[in-house]
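Trainee: turn this into a structure:
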Amino acid sequence: MTMTMKGVLWIVPIARIKQIFTQEYNAVMKMGEMRRTMVTDLLEYHKGTDLKLVTGPLGTASARLTLTGVDVELGARVPLPILQDHDVDLDEMDVQFDNSDAFLEVRLCWRPSIRMHEDKAFRPLGRLSLQVVAAKSLPGRVSGVLWEVPTAAFSSSSKKVVWNAAEYFGEAAHFDVDWSTADSTDSVRKRRVTQGDLGMDNAAFQRQVLHQLR
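Mentor: Now for the predicted structure:
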């Protein structure tokens, strides 16, 4: 690009102009994204809907929520905060059902045991409370919900909550969660099979695995 000002010829490289524009554009976009993220986080904290609280260092654990009393089974996956080693209160979590417009608002309360703070493996140990607080677009004749929660590493517990006219969405369902004994049970020990137990070397073991995967 060339410009003439008062008889002086200025030559400005196009590449340099593009570089300056790109730097300024990226800076503006980054600042805007940081501002939006901050506002979203503050609103979620204020409303009790921060979904980042349902994830932990090892990922996410989920419960199964099913409507009862309906002709066609409707179920949904509900992320749980049980992998967090601190108190968690989520007042509003939208739960969308599979292949349906129906959804519920759920309140979650997680109170980990002090032993979980001391467990570096972050194995869930504490008390979980789940309660439906609102609903929309539900099918007719819904009588309640069935909660299925992974209360242990290799098993789950179920509780049915009945809805009624006096307390429409029913009371909270409480679960005692304890994954701390996962490594010491006989059932888990029986599931563990090492290469040495198979009586073959590493190459033979790999061939056997590939053959079974075909």
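Trainee: after the top strand by length along the chain comes which helix or strand?
Mentor: If you go by DSSP state E, the chain has its longest strand at strand 125-136. With elements assigned by DSSP states H and E, the helix or strand that comes after strand 125-136 is strand 144-152.
Trainee: report the angle between the axes of that next one and strand 125-136?
Mentor: Relative orientation of strand 144-152 versus strand 125-136 (axes from the mean of the first three to the mean of the last three C-alpha atoms, to 10 degrees): 160 degrees.
Trainee: Ser62: neighbour count?
Mentor: For Ser62, the neighbour count with other C-beta atoms under 10 Å is 15. Quick note: C-beta positions are derived from backbone N, CA and C, even for glycine.
Trainee: same deal with Ala102?
Mentor: When neighbours are counted by other C-beta under 10 Å, Ala102 registers 19.
Trainee: now it: how far from Leu80?
Mentor: Ala102 sits 21 Å away from Leu80 when distances are taken as C-beta to C-beta, to the nearest Å.
Trainee: quick revisit: so which residues make contact with the longest strand of the chain?
Mentor: Residues from elsewhere that reach strand 125-136 (C-beta atoms under 8 Å, 6 or more residues apart in numbering): 63, 78, 80, 82, 91-92, 102-113, 115-116, 119, 145, 147, 149, 161, 169-180.
Trainee: quick one: buried ones out of those?
Mentor: Buried subset of the contacts of strand 125-136 (neighbour count, 16 or more other C-beta atoms under 10 Å): 63, 78, 80, 82, 102-110, 112-113, 116, 145, 147, 149, 161, 169-170, 172-173, 175, 177-180.
Trainee: surely Ile17 is within a strand?
Mentor: No: assessed by DSSP: H, G, I helix; E, B strand; the rest coil, Ile17 does not belong to a strand; its assignment is helix.
Trainee: distance of it relative to Met34?
Mentor: According to C-beta to C-beta, Ile17 stands 26 Å off from Met34.
Trainee: lowest mean pLDDT among the helices and strands, pick that one out for the chain.
Mentor: helix 186-191 (a mean of 43; mean pLDDT, DSSP states H and E).
Trainee: strands - which of the contacts of strand 125-136 land there?
Mentor: Judged by DSSP E, the contacts of strand 125-136 include 63, 78, 80, 91-92, 103-112, 145, 147, 149, 161, 173-178 as members of strands.
Trainee: which residues of this structure score low on pLDDT?
Mentor: Applying pLDDT under 70 to the chain flags the ranges 1-12, 35-58, 119-122, 165-167, 182-214.
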